[in-house]
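Participant: with the input below, show me the fold.
(4 chains)
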Number of protein chains: 4
Amino acid sequence: MENKEPLYELEFIVRDYELDLQGIVNNSCYQQYLEHARHEFLFSKNIDFAKLHDEGKDLVVIRSEMDYKSSLKSRDRFKVTIDTSREGNLKIVFEQNIYRLPDMKLVVKAKITGACLLKGRPSKPEDVMDISLLGLSY
Amino acid sequence: MENKEPLYELEFIVRDYELDLQGIVNNSCYQQYLEHARHEFLFSKNIDFAKLHDEGKDLVVIRSEMDYKSSLKSRDRFKVTIDTSREGNLKIVFEQNIYRLPDMKLVVKAKITGACLLKGRPSKPEDVMDISLLGLSY
Amino acid sequence: MENKEPLYELEFIVRDYELDLQGIVNNSCYQQYLEHARHEFLFSKNIDFAKLHDEGKDLVVIRSEMDYKSSLKSRDRFKVTIDTSREGNLKIVFEQNIYRLPDMKLVVKAKITGACLLKGRPSKPEDVMDISLLGLSY
Amino acid sequence: MENKEPLYELEFIVRDYELDLQGIVNNSCYQQYLEHARHEFLFSKNIDFAKLHDEGKDLVVIRSEMDYKSSLKSRDRFKVTIDTSREGNLKIVFEQNIYRLPDMKLVVKAKITGACLLKGRPSKPEDVMDISLLGLSY
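Facilitator: Model prediction:
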């Protein structure tokens, strides 16, 4: 676990339907947790993913890297943290970790790279939404 | 198992991510199987669920009754059958069964009641789509 | 909405990955919400679904009836309520409603019937777990 | 698209419940497709993921890298290809691509790294299963 406070964090509890036959959370669910945390983070910064879509503006993931360090089991509490940075003109990077609570054991370490689309075409993030609150730095 | 040929049927295989910690298919997946079979059935009758939605026409489920008779396990093959009927002016009923293959053991017996929306308002099915091929009978 | 306090209730927020192409929560997710609420309810009464399974004791759903009254959209808050009763010697009935918050609009009205298995064989609930706290009444 | 025949490939069709509010397949589903294809590949080589688990042997994903190149829409047909290699003593690498059919447009390019557990402890793949048919090469 890192010492620095993350830009954003969100708490969850494992739901039993997310477990697979090994009794642990299925890998695809971690990606769902990360997505939900990103959307809640964006919403907390006045960026509404669903409303943007209705306006022809989409945020899409173009690359994900995930290291699965340990597993979550039935009813485990955990939190997803988010830090952001920028890569080139077009990409936003979300560094997202999942930690089990309360012992803060690292479960997943992820780097999710996103891009913005305006009516389906790649666009600079600032042309799609107000990114001033997203903590982006080169 | 019934003797009569169903109006439509579709074959599947269980995917391991659909199993839960009991090693059997999670109940919510049966509803997904039924939905996929309905959409494929409709498509086979020239009714495209996604395209209808883009035209402001939606088919929605208003009631589901499901009896879970037995379970599906890892890599089980199964089929979903569909028969249809009409209930009143507004409702379409899908009688859908799930049978394990090849032994035709009954897994789920379901009655799914749907309705049609035109720009969000309840409408007669014939005002939303061409239902002549759906095998509906009072 | 009914006036009586439910036996148990649990709050959720819609996650965007639960929405389908109609922009509303996919029907199969409602079943997942109901299941998660039941497991949390049971846990609050000292019945641990995952641990029971490890001991060869399973709770299974044998029938579900669900009326879909309205839809949930992106980031809607909602709660799932639970009331219980008994049907015959073997069945436990969960009356579960989903209400949108804060306006308490009814979204789903469900009746979920469960049964207990001891090493795969149907058993009376009291032979599988301590049901004294489940509020069951004939 | 590469010229070489992949070691294994499996065909799918998009199911509407896999689409999100953007009308495209949700990213978490791509991971599910990749997992299902891996399990089917393993099964075709006489390695049964579910049975191994019952014997205390587990295959786990320890790292995933996925590039999302284009999107799948309602009812798109697609195939998942698999090639394998070995990394060090403990890791198996699955190079997996998803191509839309019939035009073979690249949708996802993935590198999934797996490891084997024997009663929860990291083990060499050959100590957990017969890997002679997996096409592994250093």
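Participant: mind listing what's buried in the least confident helix or strand in chain A by mean pLDDT?
Facilitator: Every helix and strand in chain A was compared by mean pLDDT, DSSP states H and E; the lowest is helix A:49-54, with a mean of 90. For helix A:49-54, the neighbour count (16 or more other CB atoms under 10 Å in any protein chain shown) marks A:49, A:50, A:52, A:53 as buried. C-beta coordinates here come from the backbone N, C-alpha and C atoms, glycine included.
Participant: distance between the longest helix seen in chain A and the chain's centre?
Facilitator: Longest helix in chain A by number of residues, with DSSP state H as the criterion: helix A:27-44. Computed by CA atoms, centre = their mean, to the nearest Å, the chain-centroid distance of helix A:27-44 equals 4 Å.
Participant: average pLDDT for it?
Facilitator: For helix A:27-44, mean pLDDT rounds to 97.
Participant: just stretch A:125-138 next, same as before
Facilitator: Mean per-residue pLDDT for stretch A:125-138: 87.
Participant: near chain C at all, that stretch?
Facilitator: No. Judged by CB under 8 Å from any CB of the partner chain, stretch A:125-138 makes no contact with chain C; its nearest approach is 15.6 Å.
Participant: ok, and what's touching that stretch?
Facilitator: Residues outside stretch A:125-138 that contact it (CB atoms under 8 Å, 6 or more residues apart in numbering or on different chains): A:7, A:42, A:45-47, A:52, A:57, A:59, A:83-86, A:90, A:92, A:116-118.
Participant: so how do I select the buried members of these in PyMOL?
Facilitator: Listed next is the PyMOL selection for buried residues among those, using 16+ other CB under 10 Å:
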select buried, chain A and resi 7+42+45+47+52+57+59+83+84+86+92+116+117
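Participant: tell me which residue lies farthest from the centre of chain A.
Facilitator: residue A:21 (25.7 Å; CA atoms, centre = their mean).
Participant: give the contact list for the nearest residue in space to it that is not next to it in sequence.
Facilitator: Spatial nearest neighbour of residue A:21, excluding adjacent residues (CB to CB, 6 or more residues apart in numbering or on different chains): residue B:19 at 4.4 Å. Applying CB under 8 Å, 6+ apart, one finds that residue B:19 lies in contact with A:20, A:21, B:25, B:26, B:73, B:74, D:50.
Participant: thinking again about what came up before, who does the longest helix of chain A touch, helix- and strand-wise?
Facilitator: Helices and strands touching helix A:27-44, by 3 or more CB pairs under 8 Å, 6 or more residues apart in numbering or on different chains; DSSP states H and E, are strand A:8-13, helix A:49-54, strand A:57-68, strand A:77-87, strand A:91-101, strand A:106-118, helix D:27-44.
Participant: just name the most buried of those.
Facilitator: Compared across those, helix D:27-44 shows the largest average neighbour count, a mean of 22 (mean count of other CB atoms under 10 Å in any protein chain shown).
Participant: one step back: now for the helices and strands packed on helix A:27-44, which one comes closest to residue C:38?
Facilitator: strand A:8-13 (14.4 Å; CB to CB).
Participant: gap between the nearest residue to residue A:97 once chain neighbours are set aside and chain C?
Facilitator: Once flanking residues are discounted, residue A:97 sits nearest to residue A:81: 4.9 Å by CB to CB, 6+ apart. For residue A:81, the distance to chain C equals 17 Å [CB to the nearest CB, to the nearest Å].
Participant: OK, contacts around residue A:81?
Facilitator: Taking CB under 8 Å, 6+ apart as the test, what residue A:81 contacts is A:6, A:8, A:9, A:96, A:97, A:98, A:99.
Participant: surely the second one and residue A:43 touch.
Facilitator: No. With contact taken as CB atoms under 8 Å, residue A:8 and residue A:43 are classed as non-touching, separated by 10.5 Å.
Participant: what residues are shared contacts of these two?
Facilitator: Joint contacts of residue A:8 and residue A:43 (CB under 8 Å, 6+ apart) do not exist.
Participant: what residues are bridge-paired with the nearest residue to residue A:67 once chain neighbours are set aside?
Facilitator: Distances taken as CB to CB, 6+ apart put residue A:109 closest to residue A:67, at 4.6 Å, once the chain neighbours are dropped. For residue A:109, the beta-bridge partners are residue A:67, residue A:97 (DSSP bridges).
Participant: go ahead and confirm residue A:109 touches residue A:66.
Facilitator: Yes. With contact defined as CB under 8 Å, residue A:109 counts as touching residue A:66 (7.4 Å).
Participant: counting neighbours, what do you get for the spatially closest residue to residue A:57 that is not a sequence neighbour?
Facilitator: Counting by CB to CB, 6+ apart, residue A:57 lies nearest to residue A:128, which is 4.8 Å off, once chain neighbours are set aside. With neighbours defined by other CB atoms under 10 Å in any protein chain shown, the count for residue A:128 comes to 20.
Participant: got the residues of chain A near chain C?
Facilitator: A:15-17, A:19, A:23, A:32, A:35-36, A:39, A:43, A:48-50, A:73-75.
Participant: which one among the residues you listed gets closest to chain D?
Facilitator: residue A:32 (4.8 Å; CB to the nearest CB).
Participant: check contacts around that closest one.
Facilitator: Applying CB under 8 Å, 6+ apart, we find residue A:32 in contact with C:15, C:17, D:28.
Participant: quick one: contacts for the second one?
Facilitator: What that stands for is residue C:17. Taking CB under 8 Å, 6+ apart, one finds A:32, A:35, A:36, D:20, D:26, D:28 in contact with residue C:17.
Participant: repeat that for the first one.
Facilitator: Contacts here follow CB under 8 Å, 6+ apart; on that basis residue C:15 touches A:32, A:35, A:36, A:39.
Participant: same thing but at 6 Å, please
Facilitator: residue A:36 (CB atoms under 6 Å, 6 or more residues apart in numbering or on different chains).
Participant: and the pLDDT at it?
Facilitator: Residue C:15 carries a pLDDT value of 97.
Participant: partner residues bridging the closest residue to residue A:114 other than its chain neighbours?
Facilitator: The shortest distance from residue A:114 to any non-neighbouring residue, by CB to CB, 6+ apart, is to residue A:92 (4.8 Å). For residue A:92, the beta-bridge partners are residue A:86, residue A:114 (DSSP bridges).
Participant: how close does residue A:92 sit to residue B:20?
Facilitator: Using CB to CB, to the nearest Å, one gets 35 Å for the distance from residue A:92 to residue B:20.
Participant: verify the stated contact: the residue nearest to residue A:67 with residue A:95.
Facilitator: No. Between residue A:109 and residue A:95 there is no contact under CB atoms under 6 Å: 8.4 Å.
Participant: name the residues contacting each of the two.
Facilitator: By CB under 6 Å, 6+ apart, no residue touches both residue A:109 and residue A:95.
Participant: show the end-to-end separation of stretch A:118-134, please.
Facilitator: Start-to-end span of stretch A:118-134 (CA to CA, to the nearest Å) is 19 Å.
Participant: what about it, distance to the chain center?
Facilitator: Remark: stretch A:118-134 is offset 17 Å from the chain centroid, using CA atoms, centre = their mean.
Participant: flag every buried residue along it.
Facilitator: Judged by neighbour count using 16+ other CB under 10 Å, the buried positions of stretch A:118-134 are A:123, A:125, A:128, A:129, A:131, A:134.
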